[in-house]
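**Student:** give the three-dimensional model of this entry:
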Amino acid sequence: MPPRRKIPRDFVRMLILEVLQGGPLHGYGIIQSILRAHRGLYAPSPGAMYPALRWLSRRGYIVLHRDTRRRTYRITPAGRGFLEELRDEARLRRPAFSVIASEQSALLREWERTDHLLRATLHLLTVAQAEGLLASVARLRHRLHGALGPE
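**Tutor:** Next comes the predicted model:
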């Protein structure tokens, strides 16, 4: 498995504040909302998210509500202002990332097409076809590991 790339802290904070604009959420709900917003490509780990939640809370950008079942977080007016600052900073960096985002979108579309093809035809494969496909997928995984490994 390739090493996880480190995501800047402000990016994680921005993602949290963005999903909290839709209403209060608990920690797992925040992670799932970010995952959905990024079409399954990214969600912060609990080890990145919970320190970010504490950081945002200490500065008054979010508030924590506790009830008997779970803790929920809500964005504050100060948090909305901080989110705009983070977005402005991200806009300055956007040209460098726009090419990457375009390539990621194309990759995701291709992956989804391949997934759809496999799911639609898997039950029709002969044993020989299944063995050949398995070997091809194993070779692809190995190539991906090499391409995504340490630089």
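
**Student:** show me where the chain has its helices.
**Tutor:** 9-20, 27-37, 46-58, 77-121, 127-148 (DSSP state H).

**Student:** from R70, how far out is P24?
**Tutor:** 10 Å (Cβ to Cβ, to the nearest Å). C-beta here means a position set from N, CA and C on the backbone, and glycine is covered the same way.

**Student:** try I62
**Tutor:** For I62, the distance to R70 (Cβ to Cβ) stands at 15 Å.

**Student:** and those two? Which one has more around it.
**Tutor:** Ranked by neighbour count (other Cβ atoms under 10 Å), I62 and R70 place I62 first, with 24 against 12.

**Student:** my guess is that one contacts I75. True?
**Tutor:** Yes: the criterion here is Cβ atoms under 8 Å, and I62 meets it with I75 at 5.6 Å.

**Student:** anything in contact with each of those two?
**Tutor:** Common contact partners of I62 and I75 (Cβ atoms under 8 Å, 6 or more residues apart in numbering): L17, L20.

**Student:** wait, L86 sits on L17?
**Tutor:** Yes: in this structure L86 lies within contact range of L17 using Cβ under 8 Å: 7.2 Å.

**Student:** mind checking which of the two has more residues around it?
**Tutor:** Ranked by neighbour count (other Cβ under 10 Å), L86 and L17 place L17 first, with 23 against 17.

**Student:** the bottom helix or strand of this protein by mean pLDDT?
**Tutor:** Sorting the helices and strands of the chain by mean pLDDT, DSSP states H and E puts helix 77-121 at the bottom, at a mean of 79.

**Student:** helices or strands up against that helix?
**Tutor:** Contacts defined by 3 or more Cβ pairs under 8 Å, 6 or more residues apart in numbering; DSSP states H and E place helix 77-121 against helix 9-20.
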